[in-house]
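J.: What shape does this take:
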Amino acid sequence: MRSRHLQLAGIEVVSRDNGIVRVTLVAEYLIADAAIYYTRSTNANDAVFLQMRRALVETARRQASASITAAPKAFAAMISEASTPDVTKLGFEIVDLQMVEAISLGWVRQTAANPPHADDPPDAIVH
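T.: Next up, the predicted model:
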């Protein structure tokens, strides 16, 4: 089967240290199991997009914003690893995943519902 392309462009994620990072991912995937692909979801292509986005958000929540922006290849590998089980359940295989953009935008403003964390920068930029 021919590979298909997927782009998650300009997605803003919140990191472990409440940093906001804008990322753009480009992935290439293919149908690995046609039987699962046809029976698992009526709109499997949209489902793979949602699974990749979920993996991105969950992986970002476990990383510091500086780690995401400083090591985009390592972060992309973590996203690929995190998304593999769910993408496989849809009959797909991720062939390539690259992060083409990782820009720090600031930090989430501290409120009573969101008290400061030990990892927070002292003078946080507010988004």
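
J.: Neighbours of the closest residue to residue 16 other than its chain neighbours, how many?
T.: Using Cβ to Cβ, 6 or more residues apart in numbering and skipping residues adjacent in sequence, the residue nearest residue 16 is residue 64, 5.4 Å away. C-beta here means a position set from N, CA and C on the backbone, and glycine is covered the same way. Number of residues near residue 64 (other Cβ atoms under 10 Å) recorded here: 16.

J.: what's the answer for residue 35, then?
T.: Using other Cβ under 10 Å, residue 35 has 9 other residues around it.

J.: okay, the residue nearest to residue 16: pLDDT?
T.: Confidence at residue 64, expressed as pLDDT, is 93.

J.: Was I right to think it contacts residue 15?
T.: Yes: under the criterion of Cβ atoms under 8 Å, residue 64 makes contact with residue 15 at 5.8 Å.

J.: List the buried residues of the helix or strand of the chain with the lowest mean pLDDT.
T.: Lowest mean confidence among the helices and strands of the chain (mean pLDDT, DSSP states H and E): helix 34-40, at a mean of 84. Within helix 34-40, the residues that count as buried by 16 or more other Cβ atoms under 10 Å are 36-37.

J.: Equivalent analysis for stretch 64-78, please.
T.: Applying 16+ other Cβ under 10 Å to stretch 64-78 flags 64-65, 67-69, 72, 75-76, 78 as buried.

J.: and those residues as TSV, adding secondary structure and distance to residue 84?
T.: TSV is the format used below for those (DSSP: H, G, I helix; E, B strand; the rest coil; distance: Cβ to Cβ, whole Å):
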residue	secondary structure	distance to residue 84
64	coil	23
65	helix	24
67	helix	21
68	helix	20
69	helix	24
72	helix	19
75	helix	15
76	helix	13
78	helix	11
